[in-house]
Structure formats: structure tokens, C-alpha cells
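In: Would you be able to build a 3D model of this:
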Amino acid sequence: MEGLIFYFICSILIIGLVMTSGHRRKLVLILIGLVIFGRIQLTIDHSTIYLSYVILVLTSFFYVSFQTFYHQLYILICSLILGMTYSSLFIIQIYDPASYLFKPFIMISLILLLILLILCKKIETRVLVLLIGFSQGEILNYLIFTSINLNYSFGTVGWLDSISFIFFLMMCLEWIKRNIALFLSKKQNSKAEI
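Out: Got it, this is the predicted structure:
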């Protein structure tokens, strides 16, 4: 079922963010908005745009506007790399026989996660590059598909599945990294006491 991963990860994040401090209420409202408006479509000149796509693009541009100029430029370049890679992999999956053996969004997600880990060091930058890069990749896919007279929809639930899966994997890796650092610091402290 398309969208199941997105709804599952959003519900986990909403529950987790509600139980933490109050300054994360904006993120909870954004996630609830994505869940509510995930299936609402806007049709503009034979183009179907899902409202969740518009919410994510506006939210990511809002957060990028608080960065310095050079950091904005870095985010733009990294998201262009990610968007072109997403678009290339999305088009390759149509003709790839391996997509019959594996779920295509898992292959795309793992490759794009690797690129994100290589390009960005901070988790906040990774999230912004992920959102903007996927948005740019959707625009590039739209341009490619309309040039061969095929209909394409922006921000489908499958698109949200890929984003949420990469985000979930990114958070798991961040959690593992923090726990390893905590374990190593405790180990060094115990050696220092001896």
C-alpha cells in the first residue's frame, strides 16, 4: 500500500515530538498537516500537485531563509546534486530489471542517504537538503515526463514514502552515532578512574 511507510513514520514522530518540550510544536503541526493534506490534489494547467508537496517546499524554504548566504548556496548546490540523482534513479528504475526483485524506493532511498551522508555533516542541513533536493527532483521528473507527453504528479504519497524512509534511516544512524559516542566516552572515563 502506497503511503503506509509515510503514515507510520509520521505517527511515530508526532507521538515522540508531543512527549518532548513545547518548542517542537511547529514540527508537530507540520507533520499533522502533511498527514491531513497528503491526498489533496491541486490541478493547475494539466498538472497535478499534491498539497503536501507545497507544504514541504514552503517549510523547507522558510527554514533555509534563516541560514547565511554561503550556507544557502551550499544547500542549493547539495540539493541540486541530490535532485538530479533522484531524478536519474527514478527514470532508471523504469527500465531496470532489478526493480522487480527489490522495492525501487528502497534502492533509491539507500543511494540518496549515502549521498546525503557524504555531502552534509549536520543533521539540520541534511534534512533541508533532503527536502529541497527531492522537490527539485520532482520538478525535473515533471519536465522530463511532460516532454514526452506523459502526465506526472508532484509530491505523490510514494514520494512522501521515499522522503520519510530516508529521514527514518537518517535518524536511526544519528541515534547509533550518539550512542556509540556515549559508550566510548563512558569507556574512557572508566579507564581514567583506574
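In: Can you pull the poorly scored residue ranges out of this protein?
Out: Applying pLDDT under 70 to the chain picks out residues 1, 17-24, 99, 191-194.
In: can you pull out the strands in it?
Out: For the chain, strands defined by DSSP state E occupy the ranges 41-44, 47-50, 153-154.
In: Partner strands of the last one and their direction?
Out: Take DSSP bridges as the rule and strand 153-154 pairs in its sheet with strand 47-50 (parallel).
In: Could you list the buried residues of the partner strand?
Out: Buried residues in strand 47-50, counting neighbours by 16 or more other CB atoms under 10 Å, are found at T48, I49, Y50. Bear in mind the C-beta positions are built from the backbone N, C-alpha and C, glycine included.
In: What about E138, how many residues nearby?
Out: By other CB atoms under 10 Å, the residues close to E138 number 24.
In: Give me the packing partners of the longest helix anywhere in the chain, helices and strands only.
Out: Scanning the chain for the helix with the most residues, using DSSP state H, yields helix 157-193. If contacts are counted by 3 or more CB pairs under 8 Å, 6 or more residues apart in numbering; DSSP states H and E, helix 157-193 sits against helix 4-18, helix 51-64, helix 104-119, helix 123-147.
In: Which residues lie in contact with the residue nearest the centre of the chain in this structure?
Out: Nearest residue to the geometric centre of the chain (CA atoms, centre = their mean): I163, 3.3 Å. Going by CB atoms under 8 Å, 6 or more residues apart in numbering, I163 touches F6, L56, L130, L131, F134.
In: swap the cut-off to 6 Å and go again
Out: With contact set as CB atoms under 6 Å, 6 or more residues apart in numbering, I163 has these partners: F134.
In: swap in the one 3 residues further on?
Out: Contacts for I166 were tallied using CB under 6 Å, 6+ apart; they are S109, L112, L113.
In: any idea how far K186 is from the residue nearest to the centre of the chain?
Out: Distance check for I163 against K186: by CB to CB, to the nearest Å, it reads 35 Å.
In: just to revisit the earlier point, and the strands of the chain: which comes nearest K26?
Out: The minimum distance between K26 and these falls on strand 47-50, with 21.2 Å, by CB to CB.
In: L89 - how many residues pack around it?
Out: Other residues near L89 come to 18 when the count uses other CB under 10 Å.
In: Next: H46.
Out: Neighbours of H46 under the rule other CB under 10 Å: 7.
In: Enumerate every residue touching it.
Out: Counted by CB under 6 Å, 6+ apart, H46 has zero contacts.
In: how close does it get to I115?
Out: 32 Å.
In: still on that earlier bit, now, which of the buried residues of strand 47-50 sits nearest N149?
Out: Looking across those and measuring by CB to CB, the closest to N149 is T48, at 15.3 Å.
In: Report the beta-bridge partners for the closest one.
Out: When bridges are called by DSSP bridges, T48 pairs up with T43, S153.
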